[in-house]
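K.L.:
need coordinates for the below:
(one chain, ligands or ions: 1)
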Amino acid sequence: MTPNTIEILEVGARDGLQNEPEQIATEDKVALINRAIEAGIRRLEVASFVHPKRVPQMADAEAVLEALPDRDDVSYIGLVLNKKGALRALETKVDELGTVIVASDTFGQKNQGQTVEEGIAVASEIIRLARDAGRKGQVTISAAFGCPFEGEVPPARVIDIARRVAEAGPVDIAIADTIGVGVPSQVEELVGRLREELPAMPLRAHFHNTRNTGIANAYAAARSGVTTLDASLGGIGGCPFAPKATGNIATEDLVYLLQQSGYETGVDLQALIRASEWLEGLLNRPVPSLVSKAGGFPSPKSDAA
Ligand code: ZN
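P.N.:
This is a model prediction of the structure:
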């Protein structure tokens, strides 16, 4: 990828929908994923292989994968938090296993029953399982900017986690602001230190817009050298295990910002806006994104026909 290319990873079908109180039909999840693919997105979190009792919205993970088109140019990601989930996911056509290490013991135990140390061990094992099965493994360091229970998370801890899990060979390592407390100066510092520590490792970032800093943080991450940014169509989402968690940064808001700033994303903004409007109809409420309401700029003229 050229320095001015940023890959967009769409998380709407997993992080975006997992907190929806009403069960979303499998076919609607598949339609959401297909709309994102049609808009040009090539890497998507599509399901979570957690215990259905923990996250009932994700109980149809196998059915979602089964219904998705077979495409060599698209990478489907399944979230897995333990070996059992990994073995389930590897029975499907999932391309990547997404693992999570929570950077705080308290939140880690609430989210997935793991301390930081256990998280590193489990994620490393899952990444190796994925590689042995000819798939990819990736890792997200969650609560990397702060924990809802323990407060500030020292950057040194995040760097230590990244350095250790890198040994298992993930395709990338993400820092996630799960509760939306970080600001751009912190993003610059953390991404900068990770690049120094792990110069060959592609970095990804994942922001929630809880305090309206998500999009600014994403820009700071892009400028600091991440290769990939996570986002959800419409900006939907929230974590069932983090109090007052809000949605991801919106894919269409992010793509507008990046394209207008000279970055290549390979994504069609108008197709994203149409997908977001469709999503509002599905959820029967407005979504948080702003670009889906205001449109791109200058506004497209020939699209109206
Ligand atoms: Zn998230």
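
K.L.:
and Pro243, which of the three is it?
P.N.:
Three-state call for Pro243 (DSSP: H, G, I helix; E, B strand; the rest coil): coil.

K.L.:
please name the nearest non-neighbouring residue to it.
P.N.:
Distances taken as Cβ to Cβ, 6 or more residues apart in numbering place Pro148 nearest to Pro243, at 5.5 Å, with adjacent residues excluded. Heads up, the C-betas are built off the backbone N, CA and C, glycines and all.

K.L.:
contacts for stretch 262-280?
P.N.:
Residues outside stretch 262-280 that contact it (Cβ atoms under 8 Å, 6 or more residues apart in numbering) are 2, 4-8, 12, 31-32, 35-36, 38-42, 222, 233-234, 236, 250-252, 255-256, 258-259, 286-287, 289, 291-292, 295-296, 300, 303.

K.L.:
hang on, Ala166 packs against Met201?
P.N.:
Yes. Between Ala166 and Met201 there is a contact under Cβ atoms under 8 Å: 5.5 Å.

K.L.:
mutual contacts of these two, please.
P.N.:
Contacts common to Ala166 and Met201, judged by Cβ under 8 Å, 6+ apart, are Ile173.

K.L.:
quick one on the thing from earlier: in strands only, show me the contacts of stretch 262-280.
P.N.:
Among the contacts of stretch 262-280, the members found in strands (DSSP state E) are 7-8.

K.L.:
which among the contacts of stretch 262-280 end up buried?
P.N.:
Buried subset of these (neighbour count, 16 or more other Cβ atoms under 10 Å): 6-8, 12, 31-32, 35-36, 39, 41-42, 222, 233-234, 236, 250-252, 255-256, 258, 287, 289, 291-292, 296.

K.L.:
residue boundaries of the helices in this structure?
P.N.:
26-38, 61-67, 83-90, 105-112, 116-132, 155-166, 184-197, 214-224, 251-260, 269-283, 291-294 (DSSP state H).

K.L.:
next one: the residue nearest to Pro243 from Ala294, what distance?
P.N.:
Applying Cβ to Cβ, to the nearest Å, the value for Pro148 to Ala294 is 32 Å.

K.L.:
tell me which of the two has more neighbours.
P.N.:
Pro148 (19 against 13; other Cβ atoms under 10 Å).

K.L.:
was I right to think that one contacts Cys239?
P.N.:
No. Taking contacts as Cβ under 8 Å, Pro148 lies outside contact range of Cys239: 9.1 Å.
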